[in-house]
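J.: Next one to model:
(one chain, ligands or ions: 1)
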Amino acid sequence: MLLAAGRDLELKSPPTYPPSARGYFISDLHLFTRRSCAELHATDIWAAAADAEAFVLGGDIFDFKWSTHATLDDSLDAAIEWLRELVAPHPQCRFFYVLGNHDCLPAFQFRLDALAHELPNLDWHPYYVRIGSSLFLHGDVADGDIDHEMLVSRRSVIHHRGSKHIVSHLMYDAVVTVRVHRLVSIVFQRAPRVVRRILAYLDDIGHNAESGVRNVYFGHTHAPLEEYHCGGLVFHNGGAPIKGLKLRIVKAELS
Ligand SMILES: [Mn+2]
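T.: The predicted model follows:
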């Protein structure tokens, strides 16, 4: 996991944008899983990409843990192809891929890095990206009181453990079908606690209100959040396109 741990230092700085620039943020498509309805949003995502000057993909876009592809290589190939089809036809837009906890595996980082070298308008970031006064992150730091060092350590033990057995997929489907998933999102991902944890993380990495951050865009909880004010910052979460839940393509400030 040295790649992600040391990667921050080598990253290209995002460009600066004028206030009129159009940006978008999505996360948690969980593509390749049985529960994802992301394909229903494909047209809207492509339309946003055609309109945007910057587009942040905020992690768990692909779900390698619950992928229905037969092998990890098949999932990786499909992920790279999906990204190439989104990024290549929109050279006016810069894409920033921020890893989540379901797509942070080293094998994907290597493939993403190669794609970012191939496509000049694609950058990737293991933990977060700051563009102007906006901070974009996946949001798995909200799982507990997690500082950056703990996040690096948690992420480093996430490896591909083989595709899930069909029985696991069916059990997950059953859970999703009875909407337990939505209940879990609502009950256990209440905004104040999630936002408080993210605020503490932003203090830890030095991208807080004092540093000039105004808007924070995150995912992971699958619980939509629209302009939630806390600690001098405004928080945004676009939800997830999973059965019983909703995805919103979030407009993002870039300056
Ligand atoms: Mn996640």
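J.: can you give me the strands for the stretch 101-250 of the chain?
T.: Taking DSSP state E, counting those that start in this stretch as the test, the strands found in the stretch 101-250 of the chain are 122-125, 128-131, 134-137, 215-218, 225-230, 233-237, 250-252.
J.: right, and Arg130 touches Thr16 too?
T.: No. The pair Arg130 / Thr16 is not scored as a contact, 11.2 Å apart, by CB atoms under 8 Å. Where C-beta positions appear, they are placed from N, C-alpha and C, glycine not excepted.
J.: which one of these two has more residues nearby?
T.: Arg130 (18 against 10; other CB atoms under 10 Å).
J.: Report the beta-bridge partners for that one.
T.: Leu135 (DSSP bridges).
J.: Can you lay out the strands of the stretch 101-250 of the chain as CSV showing mean pLDDT and distance to the ion?
T.: What follows is the strands of the stretch 101-250 of the chain, written out as CSV (pLDDT from 0 to 100; distance: least, CB to the ion, whole Å):
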stretch, mean pLDDT, distance to the ion
strand 122-125, 96, 15
strand 128-131, 97, 14
strand 134-137, 98, 11
strand 215-218, 98, 10
strand 225-230, 95, 15
strand 233-237, 97, 11
strand 250-252, 98, 16
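J.: of all the ones you listed, which lies closest to Leu40?
T.: strand 250-252 (17.2 Å; CB to CB).
J.: Relative to Gly23, how far out is Phe235?
T.: According to CB to CB, to the nearest Å, Phe235 stands 16 Å off from Gly23.
J.: Which of those two has more residues huddled nearby?
T.: Each of Phe235 and Gly23 has its neighbours counted (other CB under 10 Å); Gly23 has more, 25 against 21.
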